[in-house]
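Participant: next input, structure requested:
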Amino acid sequence: MIVKNWMRKNPDTISSDLTAKEAMHLFEEKRVPFLSVVDNNKFRGFLARRDLREAASWAISTQDIYEVQYFNERLKVKDIMVRKPVTLNVNDTVETAIQKGKQFGRTFLPIMDGDKLVGTLSNRDLAKALSRLLGGDEGLHGVSIELNGDSKTTIRNILEDIFMMGMDIKGLFTLKDPDTGKNRLIIRFEAKCFKRIVSLIEEKGYHLVEATKNEP
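Facilitator: Prediction:
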């Protein structure tokens, strides 16, 4: 999975010279948690709505008219933004994105192609990608089968069996159980009779860890 296939393309941007008050209006209009800061097509950093709100809250809490006036008229995006943030290359993997996010405590990463900003990737985008992998938008059924012994042979045997059960497989991948360390085969599928499929899997002697039925 390459970042460029999952990133948010043509991201909304903001100028570093905008005032904090103008930035707040833009955030409300765009309804996004982050905005990339770009001046003359050059990426400068990014601004988080949370940081902007904290600055506004501080100005108001002081009950000082001059502080409020400073926030409204003089405080600018460049005074609050994150400069030289952690970024990703357009050809990095999603795994790299997740690792960098954990390492640097970031939920938002700009995507660069050379020195040009071409996209962004956030936890929200990763959640959408996971939903697509799980067939969440397609309303698919799902089963999770524990793998034993030689994983390749087991997967082959499972697939040979389930093709005879009337499954229309839409997604297939493996996942390691963090508690037991054993691999699971995750299958997302369409079928007219969900209960019958589950019964057949159990009759074959496979360890069915979970089964989820799509309820339209």
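Participant: near Ser122, how many other residues are there?
Facilitator: Using other CB atoms under 10 Å, Ser122 has 20 neighbouring residues. Where C-beta positions appear, they are placed from N, C-alpha and C, glycine not excepted.
Participant: with Phe27 instead?
Facilitator: Residues near Phe27, counting by other CB under 10 Å: 20.
Participant: same thing with Met167?
Facilitator: 20.
Participant: list the residues that contact Val82.
Facilitator: Counting by CB atoms under 8 Å, 6 or more residues apart in numbering, Val82 makes contact with Gly45, Phe46, Leu47, Ala48, Asp51.
Participant: tell me which element the last one falls in.
Facilitator: Which is Asp51. Assigned by DSSP states H and E, Asp51 falls within helix 49-61.
Participant: CA atoms only: put that helix into PDB for me.
Facilitator: C-alpha atoms of helix 49-61 as PDB (Å, rounded to 0.1, in the frame of the first residue of the first chain):
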ATOM      1  CA  ARG A  49      -7.400  23.900  14.500                       C
ATOM      2  CA  ARG A  50      -6.800  22.800  18.100                       C
ATOM      3  CA  ASP A  51      -3.700  25.100  18.400                       C
ATOM      4  CA  LEU A  52      -5.700  28.000  17.000                       C
ATOM      5  CA  ARG A  53      -8.500  27.500  19.500                       C
ATOM      6  CA  GLU A  54      -6.100  27.300  22.400                       C
ATOM      7  CA  ALA A  55      -4.600  30.600  21.300                       C
ATOM      8  CA  ALA A  56      -8.100  32.100  21.100                       C
ATOM      9  CA  SER A  57      -9.100  30.700  24.500                       C
ATOM     10  CA  TRP A  58      -6.000  32.100  26.100                       C
ATOM     11  CA  ALA A  59      -6.600  35.500  24.700                       C
ATOM     12  CA  ILE A  60     -10.200  35.500  26.000                       C
ATOM     13  CA  SER A  61      -9.300  34.000  29.400                       C
END
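Participant: for it, what is the distance to the chain centroid?
Facilitator: Centre-to-centre, helix 49-61 and its host chain are 27 Å apart (CA atoms, centre = their mean, to the nearest Å).
Participant: identify each buried residue in it, please.
Facilitator: Buried residues in helix 49-61, counted by 16 or more other CB atoms under 10 Å: Arg49, Leu52, Ala55, Ala56, Ala59.
Participant: could these go into CSV alongside distance to Leu88 and pLDDT?
Facilitator: Conversion of the buried residues of helix 49-61 to CSV gives the following (distance: CB to CB, whole Å; pLDDT from 0 to 100):
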residue, distance to Leu88, pLDDT
Arg49, 21, 88
Leu52, 24, 85
Ala55, 27, 80
Ala56, 30, 75
Ala59, 34, 68
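Participant: what's the closest of those residues to Asn183?
Facilitator: Arg49 (40.0 Å; CB to CB).
Participant: all strands for this protein, in order.
Facilitator: All strands of the chain, identified by DSSP state E, fall at 8-9, 13-14, 34-39, 42-48, 82-83, 88-89, 108-113, 116-122, 141-146, 168-176, 183-190, 208-212.
Participant: what's the mean pLDDT across the longest one?
Facilitator: What it means is strand 168-176. Strand 168-176 carries an average pLDDT of 85.
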